[in-house]
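Trainee: the following block contains a protein sequence and its predicted model.
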Amino acid sequence: METVDNYGAIFKNIREKRGLSLTQVARGIISPATLSRWGNGKGEMYFGNVVSLLQRLNIYLDEFISIAQGRKDNAAIRALLEQVQKTYSEDNAVRLEELAQRQIRCYQSSNKELDFFLAMTICSCYEDITGKNILSDKERTRLDHIFQHVNVWNKYYIRAFGNCITLLNSSEIFKISVQILNGLKEIPQYNLTQISESVKAVLNAVIILLQRDAKIAAALLEKRSSFKIPVDLLYLKMQILFLQEVVAYLQNDSRSVTTMEKLTDILCLLGYNDEANKWCQIFKNSIQKGHEQ
């Protein structure tokens, strides 16, 4: 059997950053002592066990290997994203389109999924500034196809979904968000980081949908109700309640305003004034879009 004895320290670092104990991660796969020895460079690990341990952390094998080896193109990717962020903040649509077209040619040449997601991220920024779509139907179809066939919604895919969400239509956003919700059932309750990332992605989808179709937003919130949010993620629970009240208001229930005010008051009381202002802006944007429709 093939062994993997070079990546134990990397795995240990990821485990500790997520606040997971040896016992939590090793349960049912190997002994905590074996995992400890591997993490400290004092033992080997069978390849099959490594795969099982990574699945417990919702990490793909190739993703882990990329982290362990240190992607050579990380510096180039960071430089590109910094350039995109700067250009986006300056509302420089001409430069954004140039960056988008260049990245589209890059992924067409490499056919790498990461290059494709980078191109879609830039296209999303361009569309947000100009309201114009520069994607072909083939590229939009590919984007939806990739998300529809994700087996494990790890941080990589969740972030890609968040960066590209505005390029998808409302029906696609709903279907993909339901997939993410279904994936929550497979995540251990102690893995709060992964649960939080997933729930935030779905709530972001609800916020987008509120400006497009309140009925679909309401349906997605209803789907979310089948999953119980851990008490440690109380903030997300409050945000869910707020979004439900926004939906109710858009459906002509004026009583929901009182509840929204109470929730934002609680945030302010806890010192989260900026977050309270963001929630109020979500409400205002939803009303504005509703009137435009």
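Mentor: Yep, it's here. Numbering: from 1, shown residues only.

Trainee: where does this protein dip in pLDDT?
Mentor: Applying pLDDT under 70 to the chain flags residues 1-6, 60, 62-63, 65-74, 190, 231, 290-293.

Trainee: helix or strand: which one has the residue lying closest to Glu113 once chain neighbours are set aside?
Mentor: In this structure, Glu113 finds its nearest non-sequential neighbour in Ile146, 6.9 Å apart by Cβ to Cβ, 6 or more residues apart in numbering. Glycine gets a C-beta too; all of them are placed from N, C-alpha and C. Following DSSP states H and E, one finds Ile146 within helix 137-148.

Trainee: if you count neighbours, what's buried in that helix?
Mentor: Residues of helix 137-148 classed as buried: Glu139, Arg140, Arg142, Leu143, Asp144, Ile146, Phe147 (neighbour count, 16 or more other Cβ atoms under 10 Å).

Trainee: helix/strand/coil for the closest residue to the fifth one other than its chain neighbours?
Mentor: It stands for Asp144. Nearest non-adjacent residue to Asp144, counting by Cβ to Cβ, 6+ apart: Glu172, 5.0 Å away. With DSSP: H, G, I helix; E, B strand; the rest coil as the basis, Glu172 sits in helix.

Trainee: thinking again about what came up before, ok, the residue nearest to Glu113 touching Leu114?
Mentor: No: the criterion here is Cβ atoms under 8 Å, and Ile146 misses it with Leu114 at 11.3 Å.

Trainee: is the spatially closest residue to Asp91 that is not a sequence neighbour in a helix, a strand, or coil?
Mentor: Nearest non-adjacent residue to Asp91, counting by Cβ to Cβ, 6+ apart: Ile129, 5.7 Å away. Following three-state DSSP, the label given to Ile129 is helix.

Trainee: use 242 as the first number from now on
Mentor: Fine by me, first position is 242 from now on; the one you just mentioned is Ile370.

Trainee: and for Ile370, the neighbour number?
Mentor: Using other Cβ atoms under 10 Å, the number of residues around Ile370 comes to 15.

Trainee: distance of it relative to Arg319?
Mentor: 22 Å (Cβ to Cβ, to the nearest Å).

Trainee: also Ile436?
Mentor: Ile436 is 27 Å from Arg319, where distance means Cβ to Cβ.

Trainee: what does Leu491 give?
Mentor: Remark: distance between Leu491 and Arg319 (Cβ to Cβ) = 40 Å.

Trainee: no further questions, thank you.
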